[in-house]
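Engineer: could you look at this predicted model? Sequence included:
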Amino acid sequence: LLGARGCAPAFSLTSSGKQTVAFNLFRRVTTSEKLPAYKGNSFDLTEVAADKLDPNTLPALEKDIIRVAVFEPRISTIFPKLTLDRQKELLKADLRGVLVEGEEFGLVINISLVSAAVVGITVI
């Protein structure tokens, strides 16, 4: 898996449909754009989580997620919602979207601020 340090793959090789789209979006938001194949079309939330975050920076980060989601041709619309829980030391990315076929999907990524690693993934 690219990006997402400390994350066990939660997607099987037989995933299809919205699971594949969610996996591709997951890679785009957890992979450094320093890699040549992802230059300019990815954004690593785990790198951001390692920095000092505050609630005022979350809207700009949500815009970055929208920016990289447009590189997934099967995504029609994406609605990212980032939540910062300082007490639990957790950054939660709740990504709701619509495929071009009209099917809705959701991807929830929980990132530990302590280790800057993905600690949970849920595809809805």
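Structural biologist: Here it is on my side, so go on.

Engineer: for Glu89, which non-adjacent residue is spatially closest?
Structural biologist: Leu113 (4.2 Å; Cβ to Cβ, 6 or more residues apart in numbering). Glycine gets a C-beta too; all of them are placed from N, C-alpha and C.

Engineer: wait, isn't the one you found in contact with Ala49?
Structural biologist: Yes: under the criterion of Cβ atoms under 8 Å, Leu113 makes contact with Ala49 at 5.4 Å.

Engineer: looking at these two, which is more packed in?
Structural biologist: Between Leu113 and Ala49, counted using other Cβ atoms under 10 Å, Ala49 has the larger neighbour count: 22 against 18.

Engineer: surely that one forms part of a helix?
Structural biologist: Yes: Ala49 sits within a helix when classified using DSSP: H, G, I helix; E, B strand; the rest coil.

Engineer: separation between it and Leu107?
Structural biologist: 16 Å (Cβ to Cβ, to the nearest Å).

Engineer: next one: Glu62
Structural biologist: Taking Cβ to Cβ as the measure, Glu62 and Leu107 are separated by 14 Å.

Engineer: contacting residues around Gly17?
Structural biologist: Glu103 (Cβ atoms under 8 Å, 6 or more residues apart in numbering).

Engineer: circling back: list the residues that contact both of Leu113 and Ala49?
Structural biologist: Counting by Cβ under 8 Å, 6+ apart, the residues touching both Leu113 and Ala49 are Leu91.

Engineer: in stretch 107-116, what's buried?
Structural biologist: For stretch 107-116, a neighbour-count test (16 or more other Cβ atoms under 10 Å) marks Leu107, Val108, Ile109, Asn110, Ile111, Ser112, Leu113, Ala116 as buried.

Engineer: and the most centrally placed residue in the chain, what pLDDT?
Structural biologist: Of all residues in the chain, the one closest to the mean position by Cα atoms, centre = their mean is Val29, 3.8 Å from it. Per-residue confidence at Val29 stands at 91 (pLDDT).
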